[in-house]
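**Student:** Coordinates only, no sequence provided:
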């Protein structure tokens, strides 16, 4: 039973410790926005801001100016010094209600000569003398500095104003010199004017190179057909002979150059008729003509006639006997040759007999 109570107590203690650690963890607690600081006077664009001026006066060192912004509401003059990163120190007697050193000035080993000729070293134990201490000032924008009788830890600052600290040497209390920075009005920066967007130069649309239009190749109209053409005679073929026939007039007159036809040997006289076959159909619209039957006469001399086109070959003319005249002529020639041979042979025999 005692063991169970001990275990239960340990569990409760662990839960309490865990809960406490979670609640007190700084990362889980809401954090106040940190103040920001930069050199120079604040502007109208800074929110919750105060311009802080520190003037060393007779201590030497010139003056410093800061813009402290994003201060918490109700911030004191001491809070402004701390937010600006300025080191401060109060007296042992008064604490931070009476600041005796700012940025380590005057130093613990720094000797200050008072107006009465006495030397003074600030040890920050008691309240500094009225002839050598840091005075506290405030000012509105565009106004003038006014001395603050309260200490920096007790005075609440007003946003949009000036806070000043100036070291007074050889003056009476409350009559020290004000900071040497004029509390001018804050300038509200104008919104930067956006740079004009350069207008792109108009780009010319790429022009296509002129291309030669595809033109249909003109087709030559069919030339007027001349006299009907026949199959030309084969070379060295005595069976095909071309005879000059009267040309058939073409459908349309055409200018042709006269062509000399090769003279052909006259055929043996035959009483035959030459039949001109009908012309072959051509691509042109040539009306069909009936075959013309012309009587052929034996020609003793080759005649040359101008041709109006391609020479027309006349097909082979059959004889009345059914034997071609050429073959008939060859047979007659052979018979004559044989007769001559027989005659010569008989003549030789006679001579032989007479001897």
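**Tutor:** Looks like it came in fine. Everything numeric here is computed off the predicted structure, so don't read it as measured data.
**Student:** which ones are touching the residue lying closest to residue 35 once chain neighbours are set aside?
**Tutor:** Spatial nearest neighbour of residue 35, excluding adjacent residues (C-beta to C-beta, 6 or more residues apart in numbering): residue 83 at 4.0 Å. Just so you know, the C-beta spots here come from the backbone N, C-alpha and C atoms, and that holds for glycine as well. With contact set as C-beta atoms under 8 Å, 6 or more residues apart in numbering, residue 83 has these partners: 35, 37, 68, 71, 75.
**Student:** For residue 83, give its distance to residue 186.
**Tutor:** Per C-beta to C-beta, to the nearest Å, residue 83 is found 18 Å from residue 186.
**Student:** now residue 99
**Tutor:** Residue 99 sits 26 Å away from residue 186 when distances are taken as C-beta to C-beta.
**Student:** okay, these two: which has more neighbours?
**Tutor:** residue 99 (24 against 20; other C-beta atoms under 10 Å).
**Student:** Make sure I have this right: that one is in a strand.
**Tutor:** Yes. Checked against DSSP: H, G, I helix; E, B strand; the rest coil, residue 99 lies within a strand.
**Student:** Let me know the average pLDDT across stretch 156-169.
**Tutor:** Taken as a whole, stretch 156-169 has an average pLDDT of 96.
**Student:** ranges for the strands of the protein?
**Tutor:** Here the chain has its strands, by DSSP state E, at 36-39, 50-55, 63-69, 88-91, 95-102, 111-113, 119-121, 132-139, 146-147, 162-169, 273-275, 293-295.
**Student:** Any chance of those strands in a markdown table with distance to residue 175 as columns?
**Tutor:** Output for these, formatted as a markdown table (distance: least, C-beta to C-beta, whole Å):
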| stretch | distance to residue 175 |
| --- | --- |
| strand 36-39 | 30 |
| strand 50-55 | 16 |
| strand 63-69 | 19 |
| strand 88-91 | 21 |
| strand 95-102 | 17 |
| strand 111-113 | 18 |
| strand 119-121 | 18 |
| strand 132-139 | 9 |
| strand 146-147 | 8 |
| strand 162-169 | 8 |
| strand 273-275 | 158 |
| strand 293-295 | 159 |
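**Student:** Worst mean pLDDT among those strands?
**Tutor:** Averaging pLDDT over each of the strands of the chain puts strand 273-275 lowest, since it has a mean of 47.
**Student:** Among the contacts of residue 83, which one has the most neighbours?
**Tutor:** Neighbour counts for these peak at residue 68, which has 27 neighbours (criterion: other C-beta under 10 Å).
**Student:** which residues does that residue contact?
**Tutor:** Applying C-beta under 8 Å, 6+ apart, the residues near residue 68 are 35, 36, 37, 42, 49, 50, 51, 52, 80, 83, 84.
**Student:** Repeat the analysis, applying 10 Å as the threshold.
**Tutor:** 35-38, 42, 46, 48-52, 75, 79-86, 157, 163 (C-beta atoms under 10 Å, 6 or more residues apart in numbering).
**Student:** In this structure, spot the helix with the most residues.
**Tutor:** Criterion DSSP state H: the longest helix present in the chain is helix 325-354.
**Student:** check contacts around residue 41.
**Tutor:** 49, 51-53, 65-67, 141, 162, 181-187.
**Student:** ok, now with 6 Å
**Tutor:** Listed by C-beta atoms under 6 Å, 6 or more residues apart in numbering, the contact set of residue 41 reads residue 51.
**Student:** swap in residue 59?
**Tutor:** Per C-beta under 6 Å, 6+ apart, neighbours of residue 59: 105, 167.
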